[in-house]
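*Asks:* the sequence and its predicted three-dimensional model are supplied below.
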Amino acid sequence: LYFCCSVSGWARARWRRRRRGAGARDCKRSPTPEEHARSPFAPRSKTARIMFNMKLKERLALAVSAFLVLFTLMLVVDLQMDYGLSMHRVPLHGRVRVADAEDKGRSAYIEFRKRFLQKSNGSNGSREYEQSAPSETSGGGADAEPRTPSPPTDHYEDLQKIILAQLQGKAEDHAVIIPPHRDLNVLRPENPTIGEMEDLEPSINASNLERFQLKIAQHELYEDGEPLVDALIKDMATSTILHVEQKEGGTQLKLIIDYPNGVQALFKPMRFSREVQTLPNHFYFSDYERHNAEIAAFHLDRILGFRRAMPVVGRVLNMTTEIYDVTEGDILKTFFVSPANNFCFHGKCSYYCDTGHAICGNPDMLEGSFAAFLPSSDIAERKVWRHPWRRSYHKRRKAQWELQSDYCDTVRTTPPYDSGRRMLDLMDMSIFDFLTGNMDRHHYETFKMFGNETFTLHLDQGRAFGKAFHDELSILAPVLQCCLVRHTTLTALLKFQNGDPLSKLLRESLKSDPVNPILWEPHLAALDRRIVTVLDAIRKCVNKVEAPLQNEINDFV
Ligand SMILES: Nc1ncnc2c1ncn2[C@@H]1O[C@H](COP(=O)(O)OP(=O)(O)OP(=O)(O)O)[C@@H](O)[C@H]1O
Ligand SMILES: [Mn+2]
């Protein structure tokens, strides 16, 4: 009703303005009450007379039709209200048109989102938080008290049962949970390394990075427990920095760091302290990159068992001796001393490379993330793929997947997503990104030499961990729209839900990093919360395939 009144109020005001405008144009003024009374037309009394002359039956018929018109109007307004209300909850870019022509309300994404929003707006309100004022929280990760997550209430026994049956080889193929005997990432009929493919062996004095690169295999970057990972991390964190140069390409400033023995790392600088979150009015594409997100994402990728992200470590640099003194070219001209007497630079790039967005030391010590360099294109060329669930990167436009409810069917039938492991890799990536809140997955890369049956690299996590109190459900769209997940990935999620929580495991893992604490505690807490959301989504998918009719009735009701 409020909507109705406000709309009609707005319309009235507009109408009045138009009338005033027209009056001004025609040099006419509105009639005064006296003039009105003198007018030969007396509309009000005429209407009253007509009403008076009407029979009771006619009056009744008039009242009923007026009521029916009003009722229809209210129904329309109510529908409008529904969308209007949900609009302030659903983030702009997570919004999906509720029904298109072929839609018929069947999209799992839309249904799940509706259910999710219903739940999250219930009294407990635990699923989706409003952005709290981050600037008021002082101290960052170091001072924040680790929060113990409340004990899980749901063990997802239904999903565990399916996992167990699949392990015992009892289960047939499952439409949602892809069993190990159907997953090329588990089967790995072949798993050659880059070294084997290129017939290259590390020399006696090869660096840890070179050894690591040659051991990159078709199905993973490194093996579980690979000792070279720690060795490489130590090198990047402690070796002398010989040379620094700005990396071409990409939108935000990155440096290529050269160490002795040909070792290289990709450096992303720290801009803000840990508790600073994505600015509320920033779209994902104008968000700053966070060096700590790169560090945390590497650890998380490893804990989840993907091993598709290059090792990343934190380190504090002396900007004078470890950047300024060992670089040359245009970047040197961008160094300056700030009014607070800190040493700053901004480099040259297409986003945030100006004096107003400079990177400043304290006063000349600068923290950053160091990602182990991928093999050069001479050794292992990479193929860049456009992500099928890429966002529009436009403040008003929507992507196809946001508008088309059967979008997944289109993807599923298009190579390389129509066979092999690729589709499952995208599901993993969606879960990984949903956990970290990374909305910036526009492209992904693979190693060309392995063809299509290879893992997708988890590169560029700079925009992850931006909003600790908001769970961006649209990142999970691939899983929600396709209803697909690896057995192994689901097993990992269930393990965190029923055993040691992910937040605890990640916190422990991050302790080994030199610049720990890496994550603000609310980001760690968000991981446990988001796992429940992913598990709920999978359960919903399973229920749907097991009892489609029942679920359609439920959805309808
Ligand atoms: N560890 C690495 N070693 C070598 N090259 C890398 C590494 N990580 C990323 N790159 C390359 O550098 C490019 C830019 O890196 P990244 O995506 O992290 O930067 P970005 O500024 O966030 O880019 P964009 O703005 O396009 O998202 C990547 O597309 C990738 O090809
Ligand atoms: Mn990026």
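*Replies:* Everything's here; your move. Ligands and ions are numbered 1, 2, ... in the order given.
*Asks:* contacts only, for Gly420.
*Replies:* Contacts for Gly420 (C-beta atoms under 8 Å, 6 or more residues apart in numbering) come out as Leu184, Asn452, Glu453. Using the backbone N, CA and C atoms, a C-beta is placed for each residue, glycine as well.
*Asks:* repeat the analysis, applying 10 Å as the threshold.
*Replies:* Applying C-beta atoms under 10 Å, 6 or more residues apart in numbering to Gly420 gives the contacts Asp183, Leu184, Asn185, Gly451, Asn452, Glu453, Thr454.
*Asks:* what of Val186?
*Replies:* Counting by C-beta under 10 Å, 6+ apart, Val186 makes contact with Ile178, Pro179, Pro180, His219, Arg421, Arg486, His487, Thr488.
*Asks:* check contacts around the closest residue in space to Pro192 that isn't next to it in sequence.
*Replies:* Spatial nearest neighbour of Pro192, chain neighbours left out: Gln218 (5.7 Å); criterion: C-beta to C-beta, 6 or more residues apart in numbering. Contact partners of Gln218, counting by C-beta under 10 Å, 6+ apart, are 184-185, 188-194, 196-197, 446-447, 449-451, 453-455.
*Asks:* let's see 6 Å
*Replies:* Listed by C-beta atoms under 6 Å, 6 or more residues apart in numbering, the contact set of Gln218 reads Asn191, Pro192, Phe450, Thr454.
*Asks:* just put those in JSON lines and tack on distance to ligand 2, pLDDT and secondary structure.
*Replies:* Below are these laid out as JSON lines (distance: C-beta to the ion, whole Å; pLDDT from 0 to 100; DSSP: H, G, I helix; E, B strand; the rest coil):
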{"residue": "Asn191", "distance to ligand 2": "29", "pLDDT": "98", "secondary structure": "coil"}
{"residue": "Pro192", "distance to ligand 2": "30", "pLDDT": "98", "secondary structure": "coil"}
{"residue": "Phe450", "distance to ligand 2": "24", "pLDDT": "98", "secondary structure": "helix"}
{"residue": "Thr454", "distance to ligand 2": "22", "pLDDT": "98", "secondary structure": "coil"}
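*Asks:* now, of the residues you listed, which are buried?
*Replies:* Among the contacts of Gln218, those classed as buried by 16 or more other C-beta atoms under 10 Å are Asn191, Phe450, Thr454.
*Asks:* just put those in TSV and tack on distance to Asp287.
*Replies:* What follows is the buried ones among the contacts of Gln218, written out as TSV (distance: C-beta to C-beta, whole Å):
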residue	distance to Asp287
Asn191	36
Phe450	32
Thr454	30
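*Asks:* quick one: which of the residues you listed is nearest to Pro363?
*Replies:* Thr454 (46.0 Å; C-beta to C-beta).
*Asks:* that closest one reaches Thr446, doesn't it?
*Replies:* Yes. Assessed by C-beta atoms under 6 Å, Thr454 is found in contact with Thr446 at 5.2 Å.
*Asks:* follow-up on the earlier one: quick check: the farthest pair among the contacts of Val186?
*Replies:* Taking C-beta to C-beta, the two most distant members of the contacts of Val186 are Pro179 and His219; they sit 17.2 Å apart.
*Asks:* fine, thanks again, bye for now.
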